[in-house]
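Visitor: Sequence and predicted model, in that order:
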Amino acid sequence: MPEEVARRRLQLFEALELRSEYDARIKTLKECLPEARENRGWLRSLPREENRLASPDFDLAAARAEIAGLEVKRRKINTAIQQANFGHRIDLDGEAVTLSEALEIRKRLNERIGELHAQSVASAWQRVIYKEGRDIVEPPEVSYGDVVRRLDETRVAFRSLNRKLRVASFEVTVDYRDE
């Protein structure tokens, strides 16, 4: 592999870290802009912007240009990450799925864990209604044991899938030049 091509490719986990860094840098710079200051509720007690001057070492035009450049870089790295996600497959229960599909499955598993958690909390208790000197006991709609078993199975599936995705993030490369 030629040296130039080797320098251009990042491992997926490196590309994800770099994209996060771009996001953080964009956020920091945008919060320094005067329009961002006007939109913050806690700053309304401060003097109006016309009573404020930019610090001598803060160049508004340079900050806006840097934001524009970072947004382009973020868009390009995101496209490269998406291409890698669609181009690489992992085995999931005997089926080869793209990383993109696996990420969507992980998202759904995580949502399902939240649902099952709520069901387990609700099914841990029976409802007791006091009526005319006697108690009416209503059992939970779903058996606590069944819900906890499904919750544990879903957590194991999530953990297994997450591990496969992490391994892939060290194996898959992204066509993007690091800074």
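Guide: Cool, the structure landed. The shown structure was predicted, so the numbers you read here are calculated from the model rather than taken from an experiment.
Visitor: Can you tell me how far R159 is from T173?
Guide: 25 Å (CB to CB, to the nearest Å). All C-beta spots, glycine's among them, are computed from the backbone N, C-alpha and C.
Visitor: Contacts only, for the residue nearest the centre of the chain.
Guide: Residue closest to the average C-alpha location in the chain (CA atoms, centre = their mean): K107, at 9.3 Å. K107 makes no contacts at all, as judged by CB atoms under 8 Å, 6 or more residues apart in numbering.
Visitor: Now it: which helix or strand?
Guide: helix 99-123 (DSSP states H and E).
Visitor: and that helix, which residues are buried?
Guide: Within helix 99-123, the residues that count as buried by 16 or more other CB atoms under 10 Å are 99-102, 105-106, 109, 112-113, 116, 119-120, 123.
Visitor: following it, which helix or strand shows up next?
Guide: strand 127-131.
Visitor: Which residue ranges of the chain form helices?
Guide: For the chain, the helices defined by DSSP state H occupy 3-8, 12-32, 34-38, 60-87, 99-123, 144-171.
Visitor: Nearest to R52, out of those?
Guide: Minimum separation from R52 across those (CB to CB) falls at helix 34-38, 8.2 Å.
Visitor: Low-confidence bits of the protein, can you list those?
Guide: Scanning the chain for pLDDT under 70 picks out the ranges 1-8, 37-51, 179.
Visitor: hmm, 80 instead?
Guide: 1-8, 36-52, 131-137, 140, 178-179 (pLDDT under 80).
Visitor: For Q83, list the residues it contacts.
Guide: 174-175.
Visitor: again, but for G87
Guide: Counted by CB under 8 Å, 6+ apart, G87 has contacts T98.
Visitor: any idea how far it is from Q11?
Guide: Going from G87 to Q11 by CB to CB gives 14 Å.
Visitor: And E95, by the same measure?
Guide: From E95 across to Q11, the span is 25 Å (CB to CB).
Visitor: neighbour-wise, which of the two wins?
Guide: Q11 (16 against 9; other CB atoms under 10 Å).
Visitor: Sounds good, over and out.
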